[in-house]
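Colleague: I need the structure of the sequence given here:
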Amino acid sequence: MNFDELIMERQSDRRYDTSRAVEDEKLMECIASARLAPSACNAQPWKFIVVKNDELRTKTGDYAASMGMNRFCIDAPAIVALVLEKPNFTSKVGSVLQGKEYTLIDTGIVAYHFCLKARDLGLGTCMIGWFNEKKTKALLGVPSSRRIPLLITVGYRAGELREKTRKKLSDIYSIDKY
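Modeller: Next up, the predicted model:
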């Protein structure tokens with residue numbers, strides 16, 4: 001699959017083939033590709049927790065399915081918690097001086113690398129920002145000094161590839177000035 005095909009195929013998948021487990025090798029390939037993502041000052045402020053144990057995965061999915069949101073997470077064959085680690089000194093100082101959360105930018109980049117590799121391997125993913133972080137951290141043994149900005153559900157897509165609806169290209173850019 002070429003790059004254009006890959007970005008057209010990658011979508012937020014919310015239905016998975018629950019009869020198919022995600023192979024550990026494929027999950028490790030996704031993490032290996034993700035770790036090559038760039039980060040501010042090469043801080044690499046991330047750690048992946050792969051949740052496959054049925055009890056832990058179901059509870060993690062349950063914590064994402066609050067208030068009627070993300071019910072599909074309960075049935076995801078695997079869930080990856082992306083833990084935000086402490087940045088290195090130069091990235092942290094840069095964030096303060098520039099008033100930008102470089103670690104959150106880095107998290108988005110590494111998560112998308114993960115999701116693109118997953119799609120390349122025939123897997124579907126969905127990034128989840130709506131979940132009970134406090135309960136998830138406790139369940140997965142994440143230190144209180146760390147954050148989990150997002151979860152990624154992973155499995156074999158059971159739904160169809162949807163047509164992408166996007167703003168017109170002319171509405172999202174300008175040249176030289178706003």
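Colleague: Can you give the contact residues for the biggest helix by length in the chain?
Modeller: Using DSSP state H to define each element, the chain has its longest helix at helix 102-120. With contacts defined as C-beta atoms under 8 Å, 6 or more residues apart in numbering, helix 102-120 is touched by 1, 6-7, 9-10, 26, 29-31, 33-41, 43-46, 48, 80, 82, 84, 87, 91, 94-95, 124-125, 127, 149-150, 152, 154. From N, CA and C alone the C-beta is placed, and that goes for glycine too.
Colleague: Just the buried residues from these, in ChimeraX please.
Modeller: Here is the ChimeraX command that selects the buried residues among the contacts of helix 102-120 (16 or more other C-beta atoms under 10 Å):
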select :10,26,29,30,31,33,34,37,39,40,41,43,44,45,46,48,80,82,84,87,91,94,95,124,125,127,149,150,152,154
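Colleague: Just the ones of the contacts of helix 102-120 in strands?
Modeller: Among the contacts of helix 102-120, DSSP state E puts 46, 48, 80, 82, 84, 124-125, 127, 149-150, 152, 154 in strands.
Colleague: quick check, nearest of the residues you listed to residue 54?
Modeller: Set against residue 54, the nearest of the ones in strands among the contacts of helix 102-120 by C-beta to C-beta is residue 154 (14.9 Å).
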